[in-house]
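Trainee: Quick one: sequence and predicted model below, then my questions.
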Amino acid sequence: MSIPSREELGAILKKSKRIAVVGLSDNPSRTSYMVSEAMQKAGYEIIPVNPTIEAALGVKAVASLKEVEGHIDIVNVFRRSEHLLDVANEFLTIDADIFWSQLGCVSEEAYNLLTDKGYTVVMDRCIKVEHALTK
């Protein structure tokens with residue numbers, strides 16, 4: 001499993017504007033909320049994807065990636081590793097560029113499925129940390 005270099009991650013983050021966050025919580029004490037809030041404050045449009053919440057960070061949530069209107073630059077996943085393949089399969093049905101799973105979230109099956117189709121995949125990396133390191 002090959003992860004893009006820090007320079008490549010920086011380039012991805014510089015050109016990206018819209019991030020759909022799968023598993024974004026509406027609880028400010030959860031990591032997904034804190035990371036997404038930091039990215040929102042850094043100028044990114046955050047789209048909460050979670051069927052169990054109404055909204056997060058002042059944005060109405062959608063139940064699935066398929067409900068997001070328009071192009072998505074990054075799908076940032078805050079789900080356990082065993083759910084990544086399901087999210088990767090849904091990712092293939094939408095208009096998105098980058099599949100990114102947070103720290104501790106890795107699925108070789110999901111990675112292979114997406115990279116075999118030419119997608120850029122980032123796994124086991126915190127988008128907030130990478131953003132801070134590549135400014």
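Mentor: Thanks, I have the structure now.

Trainee: For the rest of this, base every contact and every neighbour count on C-alpha atoms.
Mentor: Noted.

Trainee: Where do the helices of this structure begin and end?
Mentor: Using DSSP state H, the helices of the chain run over 6-15, 31-41, 84-91, 108-116, 127-133.

Trainee: Mind listing what's buried along the shortest one?
Mentor: What it means is helix 127-133. For helix 127-133, the neighbour count (16 or more other C-alpha atoms under 10 Å) marks Ile127, Lys128, His131 as buried.

Trainee: From Thr134, how far out is the second one?
Mentor: Going from Lys128 to Thr134 by C-alpha to C-alpha, to the nearest Å gives 10 Å.

Trainee: Now stretch 108-128 - C-alpha only, CSV.
Mentor: What follows is stretch 108-128, C-alpha atoms only, in CSV (Å, rounded to 0.1, in the frame of the first residue of the first chain):
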residue,chain,number,x,y,z
GLU,A,108,-6.3,-3.2,1.7
GLU,A,109,-9.4,-4.4,-0.2
ALA,A,110,-10.7,-0.8,-0.4
TYR,A,111,-7.3,0.5,-1.3
ASN,A,112,-6.8,-2.1,-4.1
LEU,A,113,-10.4,-1.6,-5.4
LEU,A,114,-9.9,2.2,-5.8
THR,A,115,-6.2,2.3,-6.9
ASP,A,116,-6.9,-0.4,-9.5
LYS,A,117,-9.5,2.0,-11.0
GLY,A,118,-7.0,4.9,-11.0
TYR,A,119,-8.1,6.8,-7.9
THR,A,120,-5.7,8.5,-5.4
VAL,A,121,-6.2,6.9,-2.0
VAL,A,122,-4.9,8.2,1.3
MET,A,123,-5.2,5.9,4.4
ASP,A,124,-4.2,6.1,8.0
ARG,A,125,-3.5,9.9,7.8
CYS,A,126,-5.2,12.8,9.6
ILE,A,127,-6.3,15.4,7.0
LYS,A,128,-6.0,18.2,9.7
